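Participant: Generate a structure from the sequence data that follows.
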Amino acid sequence: MRIGELSQRTGISQRALRYYEEQGLLRPSRRPSGYREYDPADLRTVRRIRMLLAAGLNTATIAEILPCIADDGQSRAPVCPELYAGLSRERDRINDAIDEFMAARAMLDAIIAAPQHLRSAGVSTR
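Facilitator: Numbering: from 1, shown residues only. From the prediction side, this is the model:
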């Protein structure tokens with residue numbers, strides 16, 4: 001498939017897809033005309049890239065991780081044991097961020113749940 005179709009099927013802009021290629025995250029083949037040709041497996045790769053970016057990983061880290069994940073479409077398994085320590089650190093960082101978000105959400109829930117008369121009077125509920 002060409003870049004426009006991959007863009008449409010993934011919801012990712014063509015510019016972002018070109019950037020992923022520049023960063024070594026995607027490796028489309030080239031037609032004699034110079035057009036990029038993407039494989040159906042690139043759909044899963046783009047989704048994994050987006051998920052890892054959303055988790056806060058940078059493209060250099062993602063470039064290291066992607067080739068080390070065997071993906072048959074239903075399950076994923078790491079195939080580069082040397083990445084376990086780094087992946088564990090990233091998981092711990094994400095867990096810490098989740099804890100912080102949950103604490104912030106709990107604070108917002110408490111503020112939202114405060115009695116109306118306190119909210120409208122500007123009285124602190126702490």
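Participant: Got phi/psi on residue 57?
Facilitator: phi -80, psi 150 (degrees, to the nearest 10).
Participant: which SSE is the residue nearest the centre of the chain in?
Facilitator: By CA atoms, centre = their mean, the chain has its centre lying nearest to residue 51, at 2.3 Å. Using DSSP states H and E, residue 51 falls within helix 41-54.
Participant: For that helix, give me every contacting residue.
Facilitator: With contact meaning CB atoms under 8 Å, 6 or more residues apart in numbering, helix 41-54 is reached by 6, 9-10, 12, 17, 20, 25-26, 28, 59, 61-62, 65-66, 69, 71, 73. Any C-beta I mention is one placed from the backbone N, CA and C, and that applies to glycine too.
Participant: list the buried ones in it?
Facilitator: 42, 45, 46, 48, 49, 50, 52, 53 (16 or more other CB atoms under 10 Å).
Participant: Quick one: list the elements packing against the next helix or strand after it.
Facilitator: Per DSSP H and E, the first helix or strand lying C-terminal to helix 41-54 is helix 59-65. Packing partners of helix 59-65 (3 or more CB pairs under 8 Å, 6 or more residues apart in numbering; DSSP states H and E): helix 41-54, helix 84-113.
Participant: repeat that with 10 Å
Facilitator: helix 14-22, helix 41-54, helix 84-113 (3 or more CB pairs under 10 Å, 6 or more residues apart in numbering; DSSP states H and E).
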